[in-house]
Structure formats: structure tokens, C-alpha cells
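**Q** Could you look at this predicted model? Sequence included:
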Amino acid sequence: MDPMAKAKSVELNLAGRVLKLTTGVFANQAHGAVVASLGDTQILATALMADKPREGVDFFPLMVDYEERFYASGKIKGSRFIKREGRPSDNAVLTARLIDRPVRPLFPKGTANDVQIIATVLSADLEIDPGTTGIIAASAALMISGMPFAGPVAAVRMGYIADSEGKEQLIVNPTYEQVEKGKLDLVVAGTIDAITMVEAAAKEVSEDILLQALEMAHKHIKKICQMQLDFRDATKVKPLEPIVAQENAEAKKAIAETITEAEISAIGGKTKGEVKEKVHALEEKLFEKYAAQIEAEVFTEGDLKEVLNTILEKHMRKNVLEHEKRIDGRKLDEIRPISCAVGMIPRTHGSGFFQRGETQSLSLTTLGSPGSAQIIDTMDVDMVKRYMHHYNFPPFSVGEVKPLRGTSRREVGHGDLSERALMAVLPPKEEFPYTMRVVSEILSCNGSSSMASVCGSTLSLMDAGVPIKRPVAGIAMGLITSDDFDGKRGTYKILTDIQGMEDFAGDMDFKVAGTIDGITALQMDIKVKGISIDIMREALQRAHKARSQILEEMLKVLPEPRKEMSQYAPLITSVRIQPEQIREVIGKGGETIQKITAETGCEIDIEQDGLVMITAPNQEKGRMAEEWIKKITYIPKVGDVFEGKVTRLMEFGAFVEITPGKDGLVHISQLDHQRVNRVEDVCKIGDMMKVKLVEVDDQGRLNLSRKALLPLPPGVTATPDITRRPPPRGGGGRGGRPPPRRF
């Protein structure tokens, strides 16, 4: 039987490539299973929902996994010992988050059933990043699963590149090469009505260009969403009904009878601690009054907390919309107090501390050799990273006690966002060959810690002496909307520098990082059905103003990168040699380069174009290795003087090694102004001899002279410096021709 006999498919031309959705072939026991193809890239997405809700869950238990398979691109994993795919790579984690973020808000609030989406890459064309195809595949699988998913959603990637005539233009679905050469790597997700998620890396792109890209992206998103609606209509869908958690009516009634409007209005404060203290006081009042009902299980303490929290969130939103009053008393466009410092940690190569309100980021820079760069063996395109940003979010930063269980997905995502924010301003390898690693330790958090890590990392890199083009700052923007807001109509207020509760209870988290000249990174997630381009334009304008204010405060502490690096940082020097000389530096079986590294303690990295980079523990060792390499690759010139070692004695003269691997002949007649009967009368093997290069013969052999550097004895007349080597054996000369030498 033909496995494709029951297949149902739809197709769409997306920027010159065929986008195809197919179901009915693979994974038929899943509630929804779709293969999404874009060109030769194919992703199988499956969606399932548990029959029963998870006990005691107070969040939507959605699990999204993106499974990279090396067979998809015809590769075998690079490790010598482990060939099976193991834990997800950072790229897989980031792509899973990319799928999760536009999907999660479209499920009913309070859904307690486990929902799992698995996107498996079956084929990768090595031209276009599969991430956006994964979002489309996941949405299509949900659309035919019968789950209460208010989709569809779709996504496209946008680039901004120069054409053959140098004119810059926006393009849909850029290739890896176009993204690398261009100024923008933008992923946009949305519904048929509005944009719901944005993720971008940019090279100081203006707000206007970004808005144009968003508008163009949404035109294609609408077409892909309509394609999914047609796909669903052509498929027989069996509805699935999840259990949606409801507020406990008795708990709601108890709070209404106990907590007054005045008590709710009094909840506020400059710090998270002040707010928590007032909330805890209300909770204790409720627990004490209704202890009997709690014991009788009419409702639980958790029910009371949940209802009270909902009331506080609604009150906070109402204050913003009707009175433009925030929970900490700030104006809508006001940034929390900022403090900065550099050089706080003595032995690190650079350190930067940035605090905004209660959020603190301590960013620490380490500089390493070019060989310390990270080699990433991925399913599709392998890469080498010379800049890494790692973000740590320990539980004490929010006053909690939790076990440490390795790097979380959130930490990977925030680290990647901060990394993208600074990539555009880093110096090229030719100017600054160091490998750079920045670790941001979030020591305290009350919102927008990822943007604090961007600011702290900028200060840290400058403190380390990294010559960045321009400093980068970041800010998180928020949004509060009225109940009748539909993405375009209704009341809304934009908030600058959102704190924790405004993020949790608000409708948007819009992070913008950049320099004074343009945007370098962007990330937006929303909880409403969508927002218009006009709202995004307003948010970007306010973010630009806030970014400028933050940069002003940062530059008061350190106005430019330090001219000198830390005494503890490694010293890197570079030497340019001819590519054909690389094998001379490496030596037979690596013997020469191993000897240099062993005796100097330096690391040596050689590029194919002949760039040799020396990473030394100190200047003395660095100069030693540099001189060694220069001697190996030195091209001798007549007139040069050397201090060399005698390596061989012949009847007709002595061979002297003038540079590592290069020797020349001092003919017996060139040993002294006076006649020398035996070479051994003047020197022996191992002696150091000062010589002058007097000739490079037509075979490239070096003729040296000792006597050219000796003063003339009284009464002795100068003799010519050049004495021809003896002819080959049997030609009448003394001793015959010496054996061939290797250089």
C-alpha cells in the first residue's frame, strides 16, 4: 500500500520556495502530526494533550522540544566517542523557545492538561535556518489536533542586505550567507491579525528599517496562516476538551468580605520587599480569619493567594490605565535609579557592575587565545565563536531557596539575547585576536535582568580594554491594555523599564538593545492577541530615548575602552608570514611548534592565510616566541649579521646555523684574515660565531664570513669576502660538495 495514499497536503509559494504541509503519513497516533517542508528542509511536528489535568499545577504545562538530527544534513556527529545525539544544543534550546513563545498565549488561561510539542528535523537544506519552519509545523499540528488553540500562527525570517549594485533591501527567508553578510537577522511570528513575537540581531539598524521589515513579514505571515486554516478545513478534526482551572468561588467571596478597597490601594512601594511585606500581611489576615474553612477544605491557602493576586493585578492595571500610576510611583516613561561601576573584581580581566532599581548584574570578562574559541558541531552549519556571553540566574537573586540543576532554558535564552546585542560592536579578529567570554551574574532581580546584563557587559568589555565600536545599552518596555483591546482598538499604555510585577501581570515584554546609532538586538513577547505596527513604533521611539539616558549614565563611569589591558590578561601578538612558510613553523610532525610552545609557555594559532597569533603569559615570553618564529621564517639578505651556532665542520669550512633550520657555510678562507690551515684551529661544534651574510648563490645557498666582522691586523691587506664553494667531488676541489641541507 502506498503510504502517501491517505496524505493531505497544501502548498504555498513563499519567497521563491515551496512551503508544503502534509499530514496522514507519519505519527498517526499523535493528536496532530504534520510535516512542514520548505525547499529540502522537512520538519515533523507532533502535538499531544494529556487526558487529565496535572494535579496542583498553577501554570500552563506546555512542553516544547526541538530535536536536531545529524542525519538531516547527511552528517555524523563530530565527537570521536559519542555519535548519538545527546542533550539539546543551545541552538535547539533557543529554537524550542522560539516555537513556545508565540504558541503559549493562544491556549485558554488556566489550562492544566499537559501539552507536548516535538519538532523533529528530518531534512535540512543547509541554506536556510529551519527555525521558522518549525514554528509553522508546530502551529499546523496544533490546528488539526482538536486542542483549544486560538491559532494559527506563522513565522518568517527577514534579512537586510545589499544587492549587486550596493543598494540595501529587505528580503524574506535569507540564506545563512545572506544573514552573515547582511545587517539584520529578524524572526517575526504572528497571527492573521497581528504580530505576536519578534526576535532579532542587527548591526545598528534604524527603527524605521525594523518597522518596514515587520510590515513586510506580516504580509507573508497572513498568507501562511490562511494556508493553515485551509489545511485544517480539509482535515477531519476531533475536538479535545482540556480542564481549565477556575477561581474558587468561596475564596473569592471570602476575600470580597474581608479585604477593603483601601487595603488593596495601599499595596505599593519602591522595592519588591515593601510590596511583598504588605501582600503577606493581607494573606496572614485571611489565613487567620478563615482557618476553619481552610481546615475543612472549603478552599486552600493557595486558592486565597491566587484570588488575592488576581485582584492586585487588576488593580495595578487599572491604576496604570486610568491614573498613569505605577506600583512604585514612577511615571510611565521613567527609568529606575541607575548605578554603575567597573574594576570591582581584581583578578578578572574586566568587570562591570550595573544596577537599575533592584536589578543587579555583575558582568565579568575573560580574554583568551584564538584557540580558546568555541567550536560548535551542529546539525547543519558548524561554526566557531570567538565571543561568548553566559547568563546565570541563581535563586538568591529573587530571594528564593532552590536546588541548582544546571543551566536553564531561560538562562540560555537570556545569554543569547545579550550576546547578540554586543556582536555588532566587537572588533574584528584582525584588530583584536582575543577570544572573549563574558559571564553575567544576576545578583538581584526585579525585572529586566537580561537588559541589565547587556549594560554590565558593555562596561566589563570596556574595562577589559576591548576596543568596541560603541557602547550598547538595553531597556525593557511593557504594555497594559484595557479589556476591550483587540490589538488595534481600545486603551493602552506603554511602560518604560518594567519591573517584575509589571512584566508578570502586563501584556508585553519588549526588550530593545542598541547603540546611540541603532538597534543591535530585539526580543518581543506579548500576551494579548496581537499589537499593531503603530504601537510598536511608539514603543521603539520610547526605547530609543531610554537607551540614550542609560548610555549617558554608563559613560560617566567609563567613557571609552581602557587603553591598557589587565596585567593578568594574556598577551597576544601576531606575526604575518607567507602561507608556504607555515610548514616550516610547524615542523615535521609538529616538532618545531611543539618545541616553541614548550620552551616559551605560549599558545600559537596559525591561520591558513599566514597570520600567526601568539598568546603569551607575559611580554618576555611573547617576545621570545615572536623572535623564534621570525627567525624561522626570515628570508636572509646580503649584509645581515648573525650570532649563530657552529653545527658541522668540514675540511673546507664550518656550517653555522644563523636562524632555526637555516645554516650557511663559512669557507675556511672566510674564518680569519690570516691563513687558516685547519678549521678546528678556529672553532668547534657548538661554538657561537658572529658572521655576516656575504652572498646568496644561484641555488639559494648562504655564504657567510667571519673575517668580514674582524678588525684587520697590522700590516694585513683585506681579502675578498666572497669565496666560492668547492666544486662537486671529483672536480679538483678540496673535499667535494657538502650534503644537501633542509631549510
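**A** Thanks, I have the structure now.
**Q** Now the top helix by length along the chain: buried residues?
**A** The helix that spans the most residues within the chain, counting by DSSP state H, is helix 207-233. By neighbour count with 16 or more other C-beta atoms under 10 Å, helix 207-233 contains the buried residues 207, 209-210, 213-214, 216-218, 220-221, 224-225, 227-228, 231-232. For the C-beta atoms, the positions are set from N, CA and C on the backbone; glycine is no exception.
**Q** what's the closest of the residues you listed to residue 529?
**A** For the buried residues of helix 207-233, the closest approach to residue 529 (C-beta to C-beta) belongs to residue 225, at 12.6 Å.
**Q** From residue 361, how far off is residue 247?
**A** Look at residue 247 and residue 361: by C-beta to C-beta, to the nearest Å, they are 37 Å apart.
**Q** repeat for residue 552
**A** 18 Å.
**Q** More neighbours: the two, which one.
**A** Neighbour tally, residue 552 and residue 361, criterion other C-beta atoms under 10 Å: the higher count belongs to residue 361, 31 against 12.
**Q** and the more buried one, what are its bridge partners?
**A** residue 354, residue 442 (DSSP bridges).
**Q** Residue 492 now?
**A** Per DSSP bridges, the residues bridged to residue 492 are residue 481.
**Q** what's the distance between it and residue 475?
**A** For residue 492, the distance to residue 475 equals 18 Å [C-beta to C-beta].
**Q** all helices for the stretch 101-250 of the chain, in order.
**A** For the stretch 101-250 of the chain, applying DSSP state H, counting those that start in this stretch gives helices covering 131-143, 176-181, 207-233, 249-258.
**Q** wait, which of these is closest to residue 525?
**A** helix 131-143 (13.5 Å).
**Q** For that closest one, name the packing helices and strands.
**A** Where contact means 3 or more C-beta pairs under 8 Å, 6 or more residues apart in numbering; DSSP states H and E, helix 131-143 is packed against strand 17-23, strand 32-38, strand 41-53, helix 90-103, strand 113-123, strand 154-162, strand 184-190, helix 207-233.
**Q** try 7 Å
**A** Counting by 3 or more C-beta pairs under 7 Å, 6 or more residues apart in numbering; DSSP states H and E, the packing neighbours recorded for helix 131-143 are strand 32-38, strand 41-53, helix 90-103, strand 113-123, strand 154-162, strand 184-190, helix 207-233.
**Q** Which of these sits closest to residue 173?
**A** So among these, strand 154-162 is nearest, using C-beta to C-beta, at 5.7 Å.
**Q** want to throw the helices and strands packed on helix 131-143 into TSV with distance to residue 299?
**A** Below are those laid out as TSV (distance: least, C-beta to C-beta, whole Å):
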stretch	distance to residue 299
strand 32-38	36
strand 41-53	18
helix 90-103	32
strand 113-123	23
strand 154-162	42
strand 184-190	39
helix 207-233	40
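**Q** Now do the closest residue to residue 67 other than its chain neighbours against residue 633, distance only.
**A** Leaving aside its chain neighbours, residue 67 sits nearest to residue 120 (4.3 Å; criterion: C-beta to C-beta, 6 or more residues apart in numbering). Per C-beta to C-beta, residue 120 is found 51 Å from residue 633.
**Q** what's the answer for residue 7, then?
**A** 63 Å.
**Q** So between these two, which is more surrounded?
**A** residue 633 (22 against 13).
**Q** ok, that one - contacts?
**A** Counting by C-beta atoms under 7 Å, 6 or more residues apart in numbering, residue 633 makes contact with 577, 581, 584, 585.
**Q** top of these by neighbour count?
**A** Neighbour tally across the contacts of residue 633 (other C-beta under 10 Å): the maximum, 21 neighbours, falls on residue 585.
**Q** Within the helices and strands, which one has that residue?
**A** Assigned by DSSP states H and E, residue 585 falls within helix 582-586.
**Q** for residue 155, what are its contacts?
**A** Residue 155 neighbours (C-beta under 7 Å, 6+ apart): 132, 135, 136, 187, 188, 189.
**Q** The second one: neighbour count?
**A** The burial metric for residue 135, expressed as a neighbour count using other C-beta under 10 Å, is 29.
**Q** Nearest residue to it in space, please, no chain neighbours.
**A** Going by C-beta to C-beta, 6+ apart, residue 135 has residue 155 as its nearest residue, at 4.0 Å.
**Q** Any idea what the one you found is bridged to?
**A** Counting by DSSP bridges, residue 155 is bridged to residue 189.
**Q** From residue 457, how far off is it?
**A** From residue 155 to residue 457 the distance is 28 Å (C-beta to C-beta).
**Q** For residue 265, find the nearest of the helices and strands packed on helix 131-143.
**A** Nearest to residue 265 among the helices and strands packed on helix 131-143 is helix 90-103; the distance by C-beta to C-beta comes to 33.9 Å.
**Q** hmm, back to that, quick one: the contacts of residue 155 as JSON lines, columns for distance to residue 338 and pLDDT too.
**A** As requested, the contacts of residue 155 are exported to JSON lines (distance: C-beta to C-beta, whole Å; pLDDT from 0 to 100):
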{"residue": "132", "distance to residue 338": "37", "pLDDT": "97"}
{"residue": "135", "distance to residue 338": "36", "pLDDT": "98"}
{"residue": "136", "distance to residue 338": "41", "pLDDT": "98"}
{"residue": "187", "distance to residue 338": "30", "pLDDT": "98"}
{"residue": "188", "distance to residue 338": "31", "pLDDT": "97"}
{"residue": "189", "distance to residue 338": "32", "pLDDT": "96"}
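**Q** Just the buried residues out of those, in ChimeraX syntax.
**A** Selection command for ChimeraX covering only the buried members of the contacts of residue 155, criterion 16+ other C-beta under 10 Å:
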select :132,135,136,187,188,189
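**Q** Out of the contacts of residue 155, flag the one nearest to residue 392.
**A** For the contacts of residue 155, the nearest to residue 392 is residue 187 (25.4 Å; C-beta to C-beta).
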